[in-house]
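Here is the input, now give the coordinates:
(one chain, ligands or ions: 1)
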Amino acid sequence: MSTTADRVHSEHETCWLELLKSKWKALMLCVSVLRLGVMGRMKRIMMVLLLVYISIPFIIKLFPSIQAKLVFLNFVRRPYFIDLKRPLDQGLNHTHNFYMEPVMGQKIGVWHTVPAHMWRDSQGKDGDWFKSMFSSTHPVILYLHGNSGTRGGDHRVQLYKVLSSLGYHVVAFDYRGWGDSDGYPSEGAMTDDALFIYDWLKQQMGKSLPLYIWGHSLGTGVGTNLVKRLCDRGSPPDALVLESPFTNIREEAKSHPFSMVYRFLPGFDWFFLDSISANNICFTSDENVNHISCPVLILHAEDDPVVPFHLGKKVQVFGVEYVKTCQSVLNVISQLPPLFVCRNMHGPGSGASGGPWLL
Ligand SMILES: *[C@@H]1O[C@H](CO)[C@@H](O)[C@H](O)[C@H]1NC(C)=O
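Below is the predicted model of the structure:
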């Protein structure tokens, strides 16, 4: 009896062992198949990435207008859901939105922020009242914004607030092709729009009141283009502030994070930089500064990841004999929190010890 029971028991055990073995085999098979599948998929993804990496330069060379879009980034309308007709939504209760036509039939959107202490007076006032305020005793800053976004971008709005709290009128606008402005972007159009608004402001303002030009990032390129034109015709502005300027668009594009994965390849200039030049995009601040006779102030954060500090310094070196200090603008700068001249809020230069970099 007992032997039968033992046999049954051992048979049962063998059965179990077999089952376990086969399960284990199946499991291992599954794992190896899976691993093969993952490897295969990884390989396929790598191949696709390589193909994309190789084809991008050729696509850009074939369609150089893509490069223009990347320089202007005007289609990036961050923040997306704001009504540019309502600056109040951005916390600007003393700002008037209106439209001008540098070219017949093409309107561009403009914000005029009066000095902050006038905010109470400005409530419920129309365009005529705002316009008449240009002849008050307060200086005006014409603000030229950089690429992407609109005149309602948050970092821009914060700057309008600081400048207006210091007693300045701030006039900011969206170039053709940006925000709610009509038309298409180009370097020439940006400069033309800036000149049109500058001339209009001059007409509205009292003769002795200062008019300053403040460009940021790509807007510094517009700024030096504009001021070169003004100086060439013998009517320089009172001062030019360049916040994060670069020497020219080719050098800037080479340093931009976008170009990181390509910049060391042979043919980079031919594929990428020549495609920018093919769109007539130059922004040669390094040449323009030699024609500029008004005071220039350059601001740059040492850890700027988009426009490297050394390019800003180079602009100063090029124009060195023309750069003078402008006391009133310096006063403005010294009161700015470092945030406004530092892209990296938490990096060096953003703390109390750092502050804005004056070249
Ligand atoms: C309007 O804006 C001014 C300037 O920024 C500010 O001092 C004031 O508190 C604001 N008023 C209201 C009601 O929000």
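
what secondary structure does the residue minimising distance to the centre of the chain sit in?
Among the residues of the chain, the one closest to the centroid is Asn147, at 4.4 Å (Cα atoms, centre = their mean). What DSSP: H, G, I helix; E, B strand; the rest coil gives for Asn147 is coil.

doesn't His216 make contact with it?
No: counting by Cβ atoms under 8 Å, Asn147 does not reach His216; the two are 9.9 Å apart. All C-beta atoms are positioned from the backbone trio N, CA, C, and that covers glycine.

what separates the residue nearest to the centre of the chain from Phe283, distance-wise?
Taking Cβ to Cβ, to the nearest Å as the measure, Asn147 falls 11 Å from Phe283.

what is in contact with these two at once?
Listed as contacting both Asn147 and Phe283 by Cβ atoms under 8 Å, 6 or more residues apart in numbering are Leu218.

Now do the same for the closest residue to His256 other than its chain neighbours: helix, strand or coil?
Nearest residue to His256, sequence neighbours excluded (Cβ to Cβ, 6 or more residues apart in numbering): Val306, at 6.7 Å. For Val306, the assignment made with three-state DSSP gives coil.

wait, Val306 sits on Leu218?
No: Val306 is beyond contact range of Leu218, at 10.0 Å (criterion: Cβ under 8 Å).

Who has more neighbours out of the two?
Between Val306 and Leu218, Leu218 has the larger neighbour count (other Cβ atoms under 10 Å), namely 28 against 18.

Which pLDDT value belongs to that one?
What the model reports as pLDDT for Leu218 is 96.

ok, so what distance separates it from Gly234?
According to Cβ to Cβ, Leu218 stands 27 Å off from Gly234.

Get me the contact residues on this protein for the ligand.
Within the chain, the positions near the ligand by Cβ under 6 Å from any ligand atom are Asn93, His94, Ala116, Trp119, Lys161.

Just the pLDDT for the third one.
pLDDT, the model's per-residue confidence, is 95 for Ala116.

ditto for Val306
pLDDT recorded at Val306 is 86.

again with Phe75
Per-residue pLDDT puts Phe75 at 90.

got the contact list for it?
Lys69.

Can you show me the strands along the chain?
With strands called from DSSP state E, the chain shows them at 95-103, 106-113, 140-144, 169-173, 211-216, 239-243, 296-299.

Just the mean pLDDT for the last one, thanks.
It stands for strand 296-299. 82.
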